[in-house]
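Visitor: got a predicted structure plus its sequence, pasted below:
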Amino acid sequence: MRALLVVGILLIVLGVVSLFVGIPQRHSSGIKIGGAEIGVQTKTSEHMPLPASIAIILGGVALAALSARPSH
C-alpha cells in the first residue's frame, strides 16, 4: 500500500507542475542543395491541456486515498 501512496503523490506533483511548466519542443526545417545545407530550428513550449492536468491530479488523489484505506 505504501507504493500506491508514493505513486499518488508523484502524480499529484506532476499534475500541478504540468499546469505551470510547458513541454519544450524543437522543430527543424531546411533545404539541401548539393553540398550546402540551410536550416532553421525553432524552439517552442506548449502547455498540457487543462483537462489532462486535472485528470492526473485527480488520479493521484484517488491513489493516495486508496493507500490510506485500511486493508483487512
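Guide: Yes, it's here. Just so it is clear, the structure is predicted and the values come from calculations on it, not from any experiment.
Visitor: quick check: phi and psi on the residue most central in space within the chain?
Guide: Geometric centre of the chain, nearest residue: S18, 5.6 Å, by Cα atoms, centre = their mean. When read as degrees, to the nearest 10, the backbone of S18 gives phi -70, psi -20.
Visitor: give the contact list for it.
Guide: 47-48, 52-53, 56 (Cβ atoms under 8 Å, 6 or more residues apart in numbering). No exception for glycine: its C-beta is placed from N, CA and C like everyone else's.
Visitor: put the buried members of these into a PyMOL selection.
Guide: Selecting only the buried entries of those in PyMOL, with 16 or more other Cβ atoms under 10 Å as the criterion:
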select buried, resi 48+53+56
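Visitor: this structure: strands as residue ranges?
Guide: Counting by DSSP state E, the chain has strands at residues 23-33, 36-46.
Visitor: what's in contact with stretch 64-72?
Guide: 1-5, 8-9, 12.
Visitor: hmm, try it at 10 Å
Guide: Outside stretch 64-72, the residues that touch it by Cβ atoms under 10 Å, 6 or more residues apart in numbering are 1-9, 11-12.
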